[in-house]
Each structure stands twice: as C-alpha cells, then as structure tokens.
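> just coords:
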C-alpha cells in the first residue's frame, strides 16, 4: 500500500468468493466514536456491501462496535456509512453495477495519514467450479515451490 498506512482489517473471504474486476480507494464518513472503534480494530464486515443511491455510495452491513467510554454520545453500530468518491468514479461504478451485474464489496480498511480509508472492490460472484479451480492452482503453485526449494538443497 505505501508509507503511513496502517491496515485495520482485510476481507479475505471476498477474494475467495468474488473475482475482483477493479478497486477504488475511498474515504468513509464516520462519527467521532466510530473512529475510536476503528482505532481499536472493533469492526466486523463479513457480509458488508455498498450500493449507489441518488449519486452517493453507501456502505451497508458494516458493524462498528460501540465505544464503552462514550456514555450517551455513542453511535448506532449498524448505521449505513457514506463513502467519499469523486463524481466521475461514482458514475463509472453506477454504470457497471446496473449493466453488468457487479457488486461493490469492501476489501480492506486502513488508516492513511490518520484518515480511515476503504478499498472498495467492483466484484462479480464466482461459481463453485471457479473456486475449486482457484484452489487447485494454488495447490499446484505451492507444490512447485516446495519441489524447487527441495531441489536447491
């Protein structure tokens, strides 16, 4: 990713279940107590997804745990969050989501220069045989590397 980047969480399941066509780095609009929860790494997003509504991109099913030290000023842990993208990127995303059947999936969350960023992937669901083929290729590659290392000794 680069310097000054601290990874909060990565969605490994998304890379297994979806084929990723394109990725976008976008900001996320958060409340103060939500940022504290992000700093503590208390987020959960196994089924999170994003949608475009009225020219804005909204992140759904991202659960940000409440901060135990912020009494009455706490946030709703399940509220939808607005993602910050350029207008032309939103138009491009909208076109692909509507026409070709793509889905917007958050791939990772990280801090970049003290700002929370989301790596949003434009994904298409994999079929069961695609997943098996990917696993098979990974196994073959691992075996080849093992044989290569063994041959070097």
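All right, it came through fine. What you see is a predicted model; the values in this text were computed from it and never measured.

> ok, what's across the strand from the nearest residue to residue 6 once chain neighbours are set aside?
Nearest residue to residue 6 in three dimensions, chain neighbours excluded: residue 111, at 4.5 Å (CB to CB, 6 or more residues apart in numbering). C-beta coordinates here come from the backbone N, C-alpha and C atoms, glycine included. Here residue 111 shows beta-bridge partners residue 6, residue 116, assigned using DSSP bridges.

> Residue 111: how many residues sit nearby?
For residue 111, the neighbour count with other CB atoms under 10 Å is 16.

> Tell me where the model's unsure across this protein.
When residues are selected by pLDDT under 70, those of the chain lie in 1-2, 153.

> how does it look with 90?
Along the chain, the model assigns pLDDT under 90 to residues 1-6, 11-20, 30-47, 62-80, 98-102, 114, 124-139, 143-153.

> That one: strands as residue ranges?
Secondary structure of the chain (DSSP state E): strands located at 5-10, 18-28, 43-44, 49-53, 56-60, 63-64, 81-84, 103-112, 115-125.

> Contacts for the biggest helix by length in the chain next, please.
As assigned by DSSP state H, the longest helix anywhere in the chain is helix 128-152. With CB atoms under 8 Å, 6 or more residues apart in numbering as the test, helix 128-152 has contacts from 16, 17, 19, 126.

> Just want the angle from it to strand 115-125.
Helix 128-152 runs at 110 degrees relative to strand 115-125, counting by axes from the mean of the first three to the mean of the last three CA atoms, to 10 degrees.

> Adjust the sequence numbering to begin at 2 for everything that follows.
In the new count, where the first residue is 2, that last one comes out as helix 129-153.

> List the buried residues of helix 129-153.
In terms of neighbour count (16 or more other CB atoms under 10 Å), helix 129-153 has no buried residues at all.

> so who does residue 97 touch?
Applying CB under 8 Å, 6+ apart to residue 97 gives the contacts 22, 23, 103, 123.
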